[in-house]
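Undergrad: predicted structure and sequence below. I'll ask about it afterward.
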Amino acid sequence: MGPESLVGLCVERSPEMMIGLLGILKAGGAYVPLDPAYPEQRLQYILEDAGIRVLVTTESLQGWLTEGIEAICLDRDQEMIAQESTLSPIGEATAKNVMYVIYTSGSTGNPKGVMVEHHSVMNYLEWMKVRYSLTSKDVT
């Protein structure tokens, strides 16, 4: 996996969601959030449109996957995941690389992917820090 490799992330809001998200980013990829509450047709459209070949999910949420998608299940694949190195990978992504792709409703009726780069997220967080006078003691 290299910078801007798109990886789907379809899990319920949970600690596992954060683990999956951070794992994708630490490996140098970009994540595509997929809400498990979406209709299967929408989920499949997003996978195909984004060209996703790897999906981080849980065993109970993978029933809608089509052939050709590799599912890494955070619950089922614990043994395999535990065998991976615990060392932090050397990141190749830069501020100009895509961090995530969020799908909007789309004015044509089909969802449209919007790519967000790392520097855009950092700019937003910096703006929030200044605008709301956030300190290291604040939690948002």
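TA: That came through, no problem.
Undergrad: what residues of stretch 93-112 count as buried?
TA: Buried residues in stretch 93-112, defined by neighbour count with 16 or more other Cβ atoms under 10 Å: 93, 97-101, 103, 111. C-beta: built from backbone N, CA, C; applies to glycine.
Undergrad: show me what contacts Val101?
TA: 6, 30-32, 50, 113-116 (Cβ atoms under 8 Å, 6 or more residues apart in numbering).
Undergrad: repeat the analysis, applying 10 Å as the threshold.
TA: Listed by Cβ atoms under 10 Å, 6 or more residues apart in numbering, the contact set of Val101 reads 4, 6, 8, 30-33, 46, 49-50, 52, 112-116.
Undergrad: hang on, the earlier thing: turn the buried residues of stretch 93-112 into a markdown table, including pLDDT and secondary structure.
TA: Shown next, in a markdown table, are the buried residues of stretch 93-112 (pLDDT from 0 to 100; DSSP: H, G, I helix; E, B strand; the rest coil):
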| residue | pLDDT | secondary structure |
| --- | --- | --- |
| Ala93 | 85 | coil |
| Asn97 | 93 | coil |
| Val98 | 95 | strand |
| Met99 | 95 | strand |
| Tyr100 | 96 | strand |
| Val101 | 97 | strand |
| Tyr103 | 95 | strand |
| Pro111 | 86 | coil |
